[in-house]
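K.L.:
Dropping the sequence and predicted coords here.
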Amino acid sequence: MRPQICGVIAEDEPRAIAAAEPLVDLFELRIDLVGQTWPAVARNLTKPWIATNRPRAEGGRWNGGETDRQSELLKALSLGAAIVDVELAAPGLDILVGAVKKKARCLVSHHDFAATPPLEELEKIIERQIAAGADICKVVTAAASLDDNFKLLKLYAKFPGRKIVAFAMGLAGVLSRVLAPLAGAEFAYASLLDGKESAPGQLSAARFDEIYRLLQI
């Protein structure tokens with residue numbers, strides 16, 4: 001089965017979205033990156049989409065307060081978001097998850113931009129995400145070595161039957177981005193075009209397509 005690719009919309013660029021559409025299975029709409037025009041972008045999407053409004057503490061660019069951030073994120077429910085991304089560290093997580101799950105699936109995310117913790121610590125993060133009510137658990141870390149890729153990839157076997165997206169960022173983590181869907185990831189995140197990456201080490205949708213074609217997947 002072909003790996004599922006999620007194209008990350010980081011700018012209001014209809015041509016880039018249209019170009020990537022044949023190569024992706026769903027989109028992630030980054031509210032914090034797109035800005036005020038994000039509802040118009042959402043209305044024109046023809047594939048399922050994830051709503052994300054990332055705070056600066058987790059690598060995003062939302063400039064307002066936390067209450068306003070969550071309020072803007074929840075607007076996505078009335079615009080048809082299939083999945084809403086909420087951070088494990090978000091204040092009022094229980095209330096936020098409950099609100100999301102009335103209309104959409106909830107992805108609970110955790111990002112570590114400094115390092116990749118030991119495997120045991122990564123497992124505890126996923127256990128907390130499951131306890132919080134996550135339909136999909138997302139764990140993203142910064143890779144400093146090849147071994148960090150394998151720490152993330154081992155998580156799929158540790159939680160059979162759970163929907164997980166776990167990979168490492170940076171050039172040292174590219175291997176985990178490519179192999180994660182083959183290890184059991186729900187999907188892989190991709191930029192819409194080369195040079196439009198929203199995170200270190202992110203590959204474009206076209207690059208993922210090329211790699212999986214070469215591997216005859």
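P.N.:
Received it, and whenever you're ready, just let me know what you need. Numbers count the residues shown, from 1 in each chain.
K.L.:
So which bits of stretch 117-126 are buried?
P.N.:
P117, L122, E123, I125, I126 (16 or more other CB atoms under 10 Å). (Glycine included, C-beta is placed from N, CA and C.)
K.L.:
mind putting those residues in TSV, pLDDT included?
P.N.:
Converted to TSV, the buried residues of stretch 117-126 look like this (pLDDT from 0 to 100):
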residue	pLDDT
P117	97
L122	98
E123	98
I125	98
I126	98
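K.L.:
does L77 belong to a helix or a strand, and which?
P.N.:
Assigned by DSSP states H and E, L77 belongs to helix 66-78.
K.L.:
What average pLDDT does that helix get?
P.N.:
Here helix 66-78 scores 98 as its mean pLDDT.
K.L.:
helices or strands next to it in the packing?
P.N.:
If contacts are counted by 3 or more CB pairs under 8 Å, 6 or more residues apart in numbering; DSSP states H and E, helix 66-78 sits against helix 31-34, strand 49-52, strand 83-87, helix 93-100.
K.L.:
try 10 Å this time
P.N.:
If you count contacts as 3 or more CB pairs under 10 Å, 6 or more residues apart in numbering; DSSP states H and E, helix 66-78 packs onto helix 31-34, helix 38-43, strand 49-52, strand 83-87, helix 93-100.
K.L.:
Nearest to R105, out of the buried residues of stretch 117-126: which one, please.
P.N.:
I126 (16.4 Å; CB to CB).
K.L.:
Could you report the distance from that closest one to E58?
P.N.:
As judged by CB to CB, to the nearest Å, I126 and E58 stand 17 Å apart.
K.L.:
Would you mind finding the most buried of the helices and strands packed on helix 66-78?
P.N.:
strand 49-52 (a mean of 26; mean count of other CB atoms under 10 Å).
K.L.:
Just checking: what are the partner strands of it?
P.N.:
Each strand paired with strand 49-52, and its direction, by DSSP bridges: strand 26-30 (parallel), strand 83-87 (parallel).
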